[in-house]
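Undergrad: next input, structure requested:
(chains A and B)
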Protein chains: 2
Amino acid sequence: MPNYENFPAANAKYVETFDKGSLPLPPSKKLIVVTCMDARVEPAGQLGINLGEAHVIRNAGGVAKEALRSIVISQRLLGTREIALFHHTGCGMLTFATPDLQGIVKGAAPDNAEVAKHVDAIDFLEFSNLEESVKSDVKFIQEHPLVLENTKVTGWIYEVETGKIKQVV
Amino acid sequence: MPNYENFPAANAKYVETFDKGSLPLPPSKKLIVVTCMDARVEPAGQLGINLGEAHVIRNAGGVAKEALRSIVISQRLLGTREIALFHHTGCGMLTFATPDLQGIVKGAAPDNAEVAKHVDAIDFLEFSNLEESVKSDVKFIQEHPLVLENTKVTGWIYEVETGKIKQVV
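TA: Predicted structure coming up:
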């Protein structure tokens, strides 16, 4: 059974006790969290963030570069002023390099020029050192001309083995 | 007080009852959820998804195009086979057009050629109709040559006013 068939029943339970229908659009804590799509990451619980408080941007790795469009929208239209960037232990982004993945995708569709063209155009933005990737992503945000000056930017590692966070920057 | 100063205490509480340290990297439900960064959206609770079960990709709007890099990594390296895409009522992406936001950013830094160059290069990927944006993003995923054939793709609207979900595709 596909997962989506379970959504309506689970959502009906959620709706039973839902009382947050009047929350405003701008995040009340003026906070952005950038983190990985990883299934073991759940920023709300892990950081004590309640509904309505923070924008949460998630992609493979928790990569700052890809979050930029969202950060600009969040800061300029919705008033956020602080950014917390998280990468995590055991991340898939530590396990491959872009040419490897391009090879896997092309190998699965041999002689398909369309697939090759598309996948060769993607930088998968992997990283090889967790602390360094947090530091360089924080630096990218701090120094980017489109990010508001005086934005408080912090960088963290989440440990999937223990549930603990560690501040890096 | 910046929000990040509250993270350690909130995280310490989370760690007290944390017992998920041995979850594997690949999502157990082979599911990707793509949704908006909006502070009122919380897919785990709203869809009944537990830790370790699904990749969650979030950006301004829940835009499929920007999720592509993450989707390829998720499918090819971590085995996911189903994608559920959510947009939501009251979304900020319905409230502006790219040239408006480019104008706001440039207006805040007059005569700054660096800012102008960067912001003019960004398509903010806004949309003007919620159902249509869900449909076109589902179509983008279904037809993209890098997405695995036989991927089950569904499209939904989450209602921030009621907590309810509605399937569109």
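Undergrad: quickly note the distance from A:Arg58 to B:Glu82.
TA: As judged by Cβ to Cβ, to the nearest Å, A:Arg58 and B:Glu82 stand 18 Å apart. Using the backbone N, CA and C atoms, a C-beta is placed for each residue, glycine as well.
Undergrad: when the two are compared, which one has more neighbours?
TA: Higher neighbour count among A:Arg58 and B:Glu82: A:Arg58, with 29 against 20, using other Cβ atoms under 10 Å in any protein chain shown.
Undergrad: quickly list what the more buried one is bridged to.
TA: A:Thr35, B:Arg58 (DSSP bridges).
Undergrad: ok, it - contacts?
TA: A:Val34, A:Thr35, A:Cys36, A:Met37, A:Val41, B:Met37, B:Val56, B:Ile57, B:Arg58, B:Asn59 (Cβ atoms under 8 Å, 6 or more residues apart in numbering or on different chains).
Undergrad: are any of those buried, and which?
TA: When these are checked for burial by 16 or more other Cβ atoms under 10 Å in any protein chain shown, the buried set is A:Val34, A:Thr35, A:Cys36, A:Met37, A:Val41, B:Met37, B:Val56, B:Ile57, B:Arg58, B:Asn59.
Undergrad: where along chain A do the strands fall?
TA: Counting by DSSP state E, one finds strands in chain A at the ranges A:31-36, A:54-59, A:82-88, A:152-158, A:165-167.
Undergrad: the third one near chain B anywhere?
TA: What it means is strand A:82-88. Yes - Strand A:82-88 lies within reach of chain B by Cβ under 8 Å from any Cβ of the partner chain, at A:Glu82, A:Ala84.
Undergrad: now render the strands of chain A as JSON lines, adding mean pLDDT and distance to B:Val115.
TA: Below are the strands of chain A laid out as JSON lines (pLDDT from 0 to 100; distance: least, Cβ to Cβ, whole Å):
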{"stretch": "strand A:31-36", "mean pLDDT": "99", "distance to B:Val115": "19"}
{"stretch": "strand A:54-59", "mean pLDDT": "99", "distance to B:Val115": "21"}
{"stretch": "strand A:82-88", "mean pLDDT": "98", "distance to B:Val115": "18"}
{"stretch": "strand A:152-158", "mean pLDDT": "98", "distance to B:Val115": "18"}
{"stretch": "strand A:165-167", "mean pLDDT": "98", "distance to B:Val115": "30"}
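Undergrad: need these in JSON lines with distance to A:Val115, can you?
TA: Below are the strands of chain A laid out as JSON lines (distance: least, Cβ to Cβ, whole Å):
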{"stretch": "strand A:31-36", "distance to A:Val115": "26"}
{"stretch": "strand A:54-59", "distance to A:Val115": "22"}
{"stretch": "strand A:82-88", "distance to A:Val115": "29"}
{"stretch": "strand A:152-158", "distance to A:Val115": "34"}
{"stretch": "strand A:165-167", "distance to A:Val115": "39"}
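Undergrad: tell me which of those lies nearest to B:Pro8.
TA: Among these, strand A:165-167 comes nearest to B:Pro8, with 7.2 Å by Cβ to Cβ.
Undergrad: would you mark the buried spots in stretch A:6-18?
TA: A:Phe7, A:Ala10, A:Asn11, A:Tyr14, A:Phe18.
Undergrad: what separation do you get for A:Ile157 and A:Val147?
TA: Distance of A:Ile157 to A:Val147, given as Cβ to Cβ: 22 Å.
Undergrad: ditto for A:Ala67
TA: In terms of Cβ to Cβ, A:Ala67 sits 10 Å off from A:Val147.
Undergrad: so these two - more neighbours on which side?
TA: A:Ala67 (28 against 18).
Undergrad: quick one: stretch A:24-41 to chain centroid distance?
TA: Remark: stretch A:24-41 is offset 8 Å from the chain centroid, using Cα atoms, centre = their mean, to the nearest Å.
Undergrad: so which bits of it are buried?
TA: Those would be A:25-27, A:29-41, for stretch A:24-41 by 16+ other Cβ under 10 Å.
Undergrad: out of these, which comes closest to A:Glu143?
TA: A:Val34 (15.6 Å).
Undergrad: residues contacting A:Glu159?
TA: Counted by Cβ under 8 Å, 6+ apart, A:Glu159 has contacts A:His88, A:Thr89, A:Ile165, A:Lys166.
Undergrad: now the second one: closest residue in space that isn't a chain neighbour?
TA: It stands for A:Thr89. Of all residues not flanking A:Thr89 in the chain, A:Glu159 sits nearest, at 4.9 Å (Cβ to Cβ, 6 or more residues apart in numbering or on different chains).
Undergrad: and for the last one?
TA: For A:Lys166, ignoring the flanking residues on the chain, the nearest one in space by Cβ to Cβ, 6+ apart is A:Ile157 at 4.9 Å.
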